[in-house]
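[1] build me a model from this:
(one chain, ligands or ions: 2)
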Amino acid sequence: MSVTVESAARTAPAAVIVAIDGPSGTGKSSTSKAVAAKLGLSYLDTGAQYRAITWWMISNGIDIDDPAEIAVAAAKPVIVSGTDPSAPTITVDGEDASGPIRTQDVTSKVSAVSAVPEVRALITQLQRDIAAGAGQGIVVEGRDIGTTVLPDADLKVFLTASPEARAARRSGEIKGSDVAATREALIKRDAADSGRKTSPLAKADDAVEVDTTELTLDQVIECVVTLIEEKQATK
Ligand SMILES: Nc1ncnc2c1ncn2[C@@H]1O[C@H](COP(=O)(O)OP(=O)(O)O)[C@@H](O)[C@H]1O
Ligand SMILES: Nc1ccn([C@H]2C[C@H](O)[C@@H](COP(=O)(O)OP(=O)(O)O)O2)c(=O)n1
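    Ligands and ions are numbered 1, 2, ... in the order given. Below you'll find the model as predicted:
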């Protein structure tokens, strides 16, 4: 009996923590979901959490241009993320927020809300708690996962792509959208996310950078799966 248990422990892959960061449209969400599903890991979309708190602020009449007002309200909403990669969920105060967090209004305001240090402190703690509770391991995607949220992650990946490729991908998702306008909006949001004082969008020194401009989504998924399997083999 003890032999069976010991050999199972030897062959089961060790829980692995993966951080995937990068700017908008580089393929973080699609890659992270697919990789997590393939390897039986949990998945956390941290951008959805910042979008959720932004949606709550807008819905509750908080002045988005007033960081002090945002800071005071930050602890009020209860944000819960479901981490099944085949059906990720997000609720705010028990209400499904998956639709409303993707509106243009939220997209245009999320950088301002997520720059407020009190918001980041709360959401960062939530993310660390979720990662700590993921028994089989987790793929966490965002902007500051490798640098701030999970600096001890087993693997850190930083995805990049040209602004043109990212804008083409994003505008492909929205019917009738203009690629040039999408490109300008992406560049503006990148600048805000990279320029904020508290845990800006940045590549961790020990992250593997993958330029996805000329790669298909399947190639990026395969690349990250290989990197994770290499880490698991040495854990
Ligand atoms: N390597 C790729 N080649 C082509 N399209 C891609 C690639 N990676 C992602 N996409 C598509 O680009 C869009 C944005 O991808 P997403 O994963 O949401 O990016 P991010 O999470 O970095 O903002 C999606 O429609 C996705 O299917
Ligand atoms: N770890 C994170 C994740 C997202 N954010 C902020 C900054 C981003 O512009 C917004 C939205 O992130 P999201 O990943 O949903 O954005 P896109 O999918 O790229 O449109 O949230 C952050 O500050 N830190």
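[2] every contact and neighbour count from this point should use C-alpha atoms.
    Fine.
[3] my guess is residue 47 contacts residue 142. True?
    Yes - checked against C-alpha atoms under 8 Å, the pair residue 47 and residue 142 is within contact range at 5.8 Å.
[4] who's more crowded, these two?
    residue 142 (24 against 16; other C-alpha atoms under 10 Å).
[5] quick one, what contacts the more buried one?
    Contacts here follow C-alpha atoms under 8 Å, 6 or more residues apart in numbering; on that basis residue 142 touches 19, 20, 21, 22, 28, 45, 46, 47.
[6] could you find the closest non-adjacent residue to the fourth one?
    It stands for residue 22. Computed as C-alpha to C-alpha, 6 or more residues apart in numbering, the closest residue to residue 22 that is not its neighbour in sequence is residue 159, at 4.9 Å.
[7] is it fair to say the one you found lies in a strand?
    Yes - under DSSP: H, G, I helix; E, B strand; the rest coil, residue 159 falls within a strand.
[8] so what's the residue count around it?
    Neighbour count of residue 159, defined by other C-alpha under 10 Å: 24.
[9] isn't it right up against residue 207?
    No - counting by C-alpha under 8 Å, residue 159 stays clear of residue 207, with 9.6 Å between them.
[10] list, one by one, the residues from this protein near ligand 2.
    Taking C-alpha under 6 Å from any ligand atom as the contact definition, the chain meets ligand 2 at 24-25, 46-48, 50-51, 110-111, 114, 142-145, 189, 193.
[11] repeat the analysis, applying 5 Å as the threshold.
    24, 46, 47, 50, 114, 142, 143, 144 (C-alpha under 5 Å from any ligand atom).
[12] circling back to that earlier point, near ligand 1, which of the contacts of residue 142 show up?
    When the contacts of residue 142 are filtered against ligand 1 using C-alpha under 5 Å from any ligand atom, the residues retained are residue 28.
[13] filter the contacts of residue 142 down to just the ones in strands.
    Judged by DSSP state E, the contacts of residue 142 include 19, 20, 21, 45 as members of strands.
[14] quick check: bridge partners of the third one?
    Going back to what we said before, that points to residue 21. Residues in a beta bridge with residue 21, per DSSP bridges, are residue 142, residue 158.
[15] sorry, back to before: for the residue nearest to residue 22, give its distance to residue 32.
    Distance from residue 159 to residue 32, counting by C-alpha to C-alpha, to the nearest Å: 11 Å.
[16] and residue 191, by the same measure?
    With the distance defined as C-alpha to C-alpha, residue 191 ends up 23 Å from residue 32.
[17] the two - which one has more neighbours?
    More neighbours surround residue 32 than the other of residue 191 and residue 32, with 28 against 15 (other C-alpha under 10 Å).
[18] contacting residues around that one?
    By C-alpha under 8 Å, 6+ apart, the contact list for residue 32 reads 20, 43, 139, 140, 141, 221.
[19] could you export those as JSON lines, including pLDDT?
    Formatted as JSON lines, the entries for the contacts of residue 32 read as follows, by pLDDT from 0 to 100:
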{"residue": "20", "pLDDT": "98"}
{"residue": "43", "pLDDT": "98"}
{"residue": "139", "pLDDT": "98"}
{"residue": "140", "pLDDT": "98"}
{"residue": "141", "pLDDT": "98"}
{"residue": "221", "pLDDT": "98"}
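[20] no further queries at this time; thank you.
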